[in-house]
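1. after the sequence you'll find the predicted model.
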There are 4 protein chains.
Amino acid sequence: MGNRIPRDKHQDHTEAMAAQRREFASAQSGVDFKHLAAYSFDPAVTAGNIENFMGVAQVPIGLAGPLLVNGEHAQGEYYVPLATSEGTLVASYNRGMRLLRMAGGVKATVVDDAMQRAPVFVFDDARAAREFGRWLVDNFDAVKTAAESSTRVGRLRNIEQYQAARMMHCRFNYTTGDAAGQNMVGKATYFACEWIKQHYPGVQKYLLSGGMDTDKKHSQLNTLHTRGKRVIAEATIPRALMVEEMGLPTETLMRMRLVGQQGVFMAGAVNNGLHSANGITAIFIATGQDVANVAESSSIVSYAELDEHGNYYVGLTIPSLICASYGGGTALPSQRECLELLGCYGQGKARKLAEIIGATVLCGEFSLGAAIVAGDWVSSHDQYGRNRK
Amino acid sequence: MGNRIPRDKHQDHTEAMAAQRREFASAQSGVDFKHLAAYSFDPAVTAGNIENFMGVAQVPIGLAGPLLVNGEHAQGEYYVPLATSEGTLVASYNRGMRLLRMAGGVKATVVDDAMQRAPVFVFDDARAAREFGRWLVDNFDAVKTAAESSTRVGRLRNIEQYQAARMMHCRFNYTTGDAAGQNMVGKATYFACEWIKQHYPGVQKYLLSGGMDTDKKHSQLNTLHTRGKRVIAEATIPRALMVEEMGLPTETLMRMRLVGQQGVFMAGAVNNGLHSANGITAIFIATGQDVANVAESSSIVSYAELDEHGNYYVGLTIPSLICASYGGGTALPSQRECLELLGCYGQGKARKLAEIIGATVLCGEFSLGAAIVAGDWVSSHDQYGRNRK
Amino acid sequence: MGNRIPRDKHQDHTEAMAAQRREFASAQSGVDFKHLAAYSFDPAVTAGNIENFMGVAQVPIGLAGPLLVNGEHAQGEYYVPLATSEGTLVASYNRGMRLLRMAGGVKATVVDDAMQRAPVFVFDDARAAREFGRWLVDNFDAVKTAAESSTRVGRLRNIEQYQAARMMHCRFNYTTGDAAGQNMVGKATYFACEWIKQHYPGVQKYLLSGGMDTDKKHSQLNTLHTRGKRVIAEATIPRALMVEEMGLPTETLMRMRLVGQQGVFMAGAVNNGLHSANGITAIFIATGQDVANVAESSSIVSYAELDEHGNYYVGLTIPSLICASYGGGTALPSQRECLELLGCYGQGKARKLAEIIGATVLCGEFSLGAAIVAGDWVSSHDQYGRNRK
Amino acid sequence: MGNRIPRDKHQDHTEAMAAQRREFASAQSGVDFKHLAAYSFDPAVTAGNIENFMGVAQVPIGLAGPLLVNGEHAQGEYYVPLATSEGTLVASYNRGMRLLRMAGGVKATVVDDAMQRAPVFVFDDARAAREFGRWLVDNFDAVKTAAESSTRVGRLRNIEQYQAARMMHCRFNYTTGDAAGQNMVGKATYFACEWIKQHYPGVQKYLLSGGMDTDKKHSQLNTLHTRGKRVIAEATIPRALMVEEMGLPTETLMRMRLVGQQGVFMAGAVNNGLHSANGITAIFIATGQDVANVAESSSIVSYAELDEHGNYYVGLTIPSLICASYGGGTALPSQRECLELLGCYGQGKARKLAEIIGATVLCGEFSLGAAIVAGDWVSSHDQYGRNRK
């Protein structure tokens, strides 16, 4: 059989080819791939999602909820499928959902929405780059037309400019409907750049990506200017509820939060929350998102304060949540079932999904935060002892 | 049925309970969960991996390779299972594996290995915190004994100290055998902290995590001091090979790399590579790793230089790659098959797996880098035109 | 005399009061402040620049140059006064100026110019904050009128919005003529905010600074969006010149640069240059700038590449250079002399000064870079030996 | 006279040469440098501090205090000379000193002290670099001997290792007595590296600075591991005092602090304090420090919490404060007077100076923080109105 993986001639993703690949891999390794082979669908459905298909990873899904969401798109109670192999994750999120439901639920809001490609244009010197920037502003409408000629859904919203040396780094921002849109905006930006090259004589060279889209990577730029959805999840926990349910006065929670924030800042962490990646990853796997985007989508800016009655407000901002209800892996069989469970499959559902994810993450933050403090905060001479049950 | 998810009384993970939950979810949503239900194993195997089990996400796996690795643990050719729903990902890694195989393969090395828990101790003032730090150095052996009393495998290697205000943030570093070890080191550090509390009168309060372990989050601290495996993957591509196979002179690739590095730095990106998260995520899902760790494990420090003959050396450092060949989700049925395909299941295989992951990531970086430059670099007056085929 | 510093009743900055303070300080410490007292001007000139005036720090000034600048405002040769007590600093910059003069001088360009105040508005929830953001866009003209009513020079250019939780952080960007403008924009923004408070009912609370102006602190935001002047200094050193003058082939310089860039990235440094702070600080002290701005003004984004002939292009971007030719300390006697030496005193000279500073910094980078490599690069088996003189 | 700056033949720093340079500069610019010329000392004293000496910048000094310090080296009341041309700076620090004196003063502690040079060693591959790292640990004593052979004062404390690709970045940490020590450790590290090169055959190339000392630049690494002095300044303000003196309930101050911290984090600022650079720069200029170090020395990690009585604790950490009581510019005439005013001139005084600087910075943070909140916090429907005077 040699050492070449059997290939589809026509990318037709047949069962026969998948079986050949499993046999090939068995011959190499001696493994009998019976669990990889136990998929419940015709491999043809994976065309466009995978190359060299040989089977499936079966990732356990646990159910958490009800999650009470007060969104603009998601309203009411949801049961959230979480795909993970890490014990306690589902239980922890479940506990947080219960607590926040008792507190009246999570308010979730999508405040911004854009997907980017960031080409860079290289000139002879900084002045030429600056001049190009001005031209680009003046010719935005034509560039927009060129970009949008390649796509039915994508709309070029604005172009940010960041100059350094003799390069003009641009960040093209698009709305992309219910798709995550990375490929869509790549193609549209290519069309725009080719139009620019034809119409602006000074452009000698460009790269379709000059590093400032920071795809699959956290960046401060994405935190500032959004990538995908910018979702904010908010809740206020009454002091009495936190004491009763978690055994924790909110003042203690706040004080410990401050200590932890110092640690985060000193470590140079890019996320001042606790474990947002856990919930986001689990939903991403379950619902067919591009899971590699966890690298950027898991970033959160977490804010908390006490009001004068000791009630604890938390507002959690996810500035670069990339999620889709359409396209990519969303139509794969098990993934579609999970989206349907949330009422988030298909057109017009991406923001609803974003709200549910935001709300879920907030529940997880509360659950773990309370656990760390309640279980670990130890004081033999606790001056705040009156606060404890 | 109400709005309560049916629960296991004994965490026994039975098929009956899973079916009850699917019925419950169907009642809520109207979805028939036939694909979630199509798992090929007894749910009992998921005990410890999930709560409220209701089925599986079926994530397509494509096969890439052969990947030629020159590691200390992985030596020879490997076929790598990549679980993803993003089209072209497998093809892209495959292309990179082919190129680097022609260049003699990837040298992969694990240069450091540690898992952390970072408790913080709070004192009356900065001097008391400093004093504690000195005591901790003097009493390391006893602390180590206390920590290790809780674990068969974990070994406390050293304790880093970071003082700010009246807090002493500590970072306990452990070796954890072939497990990722987050839970193991959490428990061991708890034992250590409780011992400390009993033996150091000044410790009034501590938190088991003070934010400096930056679990599930990228941090500069982890980049500096390693979390999980610190893997370095290296290769040198002869100039002629790059021209022949990719149509790209290495000088062009280097020049474009420099432009992109400027973009990365200006954006405040935490990863100066291209798309490491893609390969890492796909292997993590396939092999039962804690996929949420992509948030931190996807960080890379990428280095490249040209030698005087125009050959292109790349050395890619993954400073916080958390991977296991044992524990967690590694024994789940399809996941185990993928680990076995790589010869990485069970005891003594974690470093081998880390080497394979590092080598895979390097192949993906080459493949995408060449694609961006070859396809997108456009110049009507290309002064470097002589370099092009 | 007690322990109260003698105070001006009328902030009249008289010699008598200064003398009283020196006597007071002598009484406390036994020091005879003859050098602090040896100023060459009437203390009245310091009104508005200092409180509790007691004398002067005499900081040595060395002269460097000629610096050959090809700017839009600075054109020709300049002699640059550098105030420092660090030996070799002047010599090092001087050497770099000599080298770059031989290479044809430094092209310097101001590509952006803005000063900020960043108020934050707090609302009941994220939706209210988002709504405010939309209103602010719609009412920009009125806000601009309100802001500009407080200033003769400042012009409100645009307002950036950054939402997190229930806060809308805004960044008001102004042009400020030849003044640095921090106070001017503070006052203008206060006027704008008070107008907003009266006209937008939902604004219950705001802070005039919500942390995103990052005054006196480096931030990625300032690197991206400019604070003060964004100056770019460029030069190309012919390969032969570098070899002759510095004994260094440019390939060696580039290779060592790449190694250093890896160190910078891994350290989490916010500036990928070498010692920009040295030159900027020395000019700031000499010319009466707000020297504390070195914290933010010293940041640089440094770019270098080799062309196909081995010539070495460097483009250095200073994204947040805060400098003034008017206001602040610019009219103090010795400071004014230094500005006049550069032809940069008074109205219409701030950008010229920015160009000269940018050019100076670039010279210093070349000088130190060559020194590190020439002196320190050691190789007993140097494979690149042909490159060396 | 041509365009060459008149040079000392013997670096003898004579008045005659200084006058020649002023004449030269006058000829170029038409400026009469009478204020630059008005120094009160023999230029010979500047030998080693400056090249091409032509005069002095006269920077106004204002006196602030009394500052009440409870340090390990500084104890009691101090009057602090602040050199600046920025109006209100002295008044603001003065106000803070008054407030904290009423609160019992500032506790200041130096918790760490080290100066670095960070050479990088380049090898054939990552394994060779790792091997070198082990050898370096085993041969620390000999390396230390080699390093210390070059210096009377410097002591090599430890060597940190940071590996990436085939490079081993090292960070040599020294204690340097009362000097800042950058030059001292550079020379010592050069001696160490040369010894290493002779004794470790695999070292083909090294750079004396590989970028990880981050001299004159902020870095997360310095925040974590200290550069210069790590000083912590602490104070607790009784709630009643804050209300009486500043008109501010501490709860309001805390709430506004949290809002500002969100802004800082989102902006990617490297310093979560307010304006530490102001006080540090003013003392640095006055006392002959290397003012360019403001780039790194101004970084602070600021922590605050309320106790159960509403008293406000602040602990401010300056992780990379580089200050000296000996060497550099400390012996220049006016600079020495300022050090003597603080009782910090000469041997054995560097830590005392660090404590005074730390305490001063804390006073400034309180003063500005209260001003922002008291003056700017505006609420027409203030739910916390009861808190206000």
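-> Perfect, I can see it now. Numbering: from 1, shown residues only, chains lettered A, B, ... in the order given.
2. could you see whether chain C lies near the longest strand belonging to chain A?
-> Longest strand of chain A, by residue count under DSSP state E: strand A:53-70. No. Residues of strand A:53-70 contacting chain C under C-beta under 8 Å from any C-beta of the partner chain: none, with a closest distance of 9.8 Å. Backbone N, C-alpha and C define where each C-beta goes, glycine included.
3. and the angle from the helix or strand that comes right after that strand to strand A:53-70?
-> On the C-terminal side of strand A:53-70, the closest following helix or strand by DSSP states H and E is strand A:75-83. Counting by axes from the mean of the first three to the mean of the last three C-alpha atoms, to 10 degrees, strand A:75-83 lies at 150 degrees to strand A:53-70.
4. what is the mean pLDDT for strand A:75-83?
-> Strand A:75-83 carries an average pLDDT of 98.
5. C-terminal to that strand, what's the next element?
-> helix A:89-102.
6. which secondary structure state does residue A:282 sit in?
-> helix (DSSP: H, G, I helix; E, B strand; the rest coil).
7. shaky segments in chain A?
-> Along chain A, segments meeting pLDDT under 70 span A:1-2, A:375-389.
8. mind running it again at 50?
-> By pLDDT under 50, the low-scoring segments of chain A are A:1, A:376-389.
9. in it, where's the longest helix?
-> Of all the segments of type helix in chain A, defined by DSSP state H, the longest one is helix A:350-376.
10. what angle sits between that helix and helix A:89-102?
-> Using the same axes, to 10 degrees, helix A:350-376 lies at 100 degrees relative to helix A:89-102.
11. residue of the stretch 51-200 of chain A nearest chain B, please.
-> residue A:85 (2.6 Å; C-beta to the nearest C-beta).
12. could you measure from that residue over to chain C?
-> 32 Å (C-beta to the nearest C-beta, to the nearest Å).
13. over to residue A:177?
-> Separation of residue A:177 from chain C (C-beta to the nearest C-beta): 20 Å.
14. whichever helix or strand residue A:157 is part of near chain C anywhere?
-> For residue A:157, the enclosing helix or strand under DSSP H and E is strand A:155-164. Yes. Using C-beta under 8 Å from any C-beta, strand A:155-164 reaches chain C at A:162-164.
15. and the residue of the stretch 251-389 of chain A found nearest chain C, helix, strand or coil?
-> Nearest to chain C in the stretch 251-389 of chain A, going by C-beta to the nearest C-beta, is residue A:315, at a distance of 2.7 Å. Classification of residue A:315 by three-state DSSP places it in strand.
16. same check on residue A:137?
-> helix.
17. how many neighbours does it have?
-> Residues contacting residue A:137 under the criterion other C-beta atoms under 10 Å in any protein chain shown number 11.
18. how much space separates it from residue D:27?
-> Distance of residue A:137 to residue D:27, given as C-beta to C-beta, to the nearest Å: 46 Å.
19. pull out the buried residues from the longest helix of chain A.
-> Going by neighbour count (16 or more other C-beta atoms under 10 Å in any protein chain shown), the buried part of helix A:350-376 is A:350-374, A:376.
20. near chain D, which residues of chain A?
-> Within chain A, the positions near chain D by C-beta under 8 Å from any C-beta are A:220, A:223-224, A:251, A:255, A:258, A:261-262, A:265-268, A:272, A:301, A:303-305, A:307-308, A:383-384, A:386-387.
21. which of those fall in strands?
-> Per DSSP E, these map to strands at A:301, A:303-305.
22. quick one: residue A:256 and residue B:206 touch, right?
-> No. Using C-beta atoms under 8 Å, residue A:256 is not in contact with residue B:206, being 10.4 Å away.
23. just want the residue of the stretch 51-200 of chain A that's nearest chain C.
-> Closest to chain C within the stretch 51-200 of chain A is residue A:165: 2.7 Å, counting by C-beta to the nearest C-beta.
24. ok, residue A:187 to residue A:194 distance?
-> According to C-beta to C-beta, residue A:187 and residue A:194 sit 11 Å apart.
25. list the contacts of residue A:123.
-> Applying C-beta atoms under 8 Å, 6 or more residues apart in numbering or on different chains, we find residue A:123 in contact with A:129, A:132, A:166-168, A:202-204.
26. and the helix or strand harbouring residue A:115, C-alpha only, in CSV?
-> Residue A:115 belongs to strand A:106-117 when elements are defined using DSSP H and E. Only the C-alpha atoms of strand A:106-117 are listed here, as CSV (Å, rounded to 0.1, in the frame of the first residue of the first chain):
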residue,chain,number,x,y,z
VAL,A,106,-28.4,36.7,32.6
LYS,A,107,-28.9,39.7,30.4
ALA,A,108,-26.9,39.2,27.2
THR,A,109,-26.3,41.7,24.5
VAL,A,110,-24.4,41.8,21.2
VAL,A,111,-23.0,45.3,21.0
ASP,A,112,-20.8,44.9,17.9
ASP,A,113,-20.3,42.5,15.1
ALA,A,114,-17.5,42.4,12.5
MET,A,115,-15.2,40.0,10.8
GLN,A,116,-11.8,41.1,9.3
ARG,A,117,-9.1,40.6,6.9
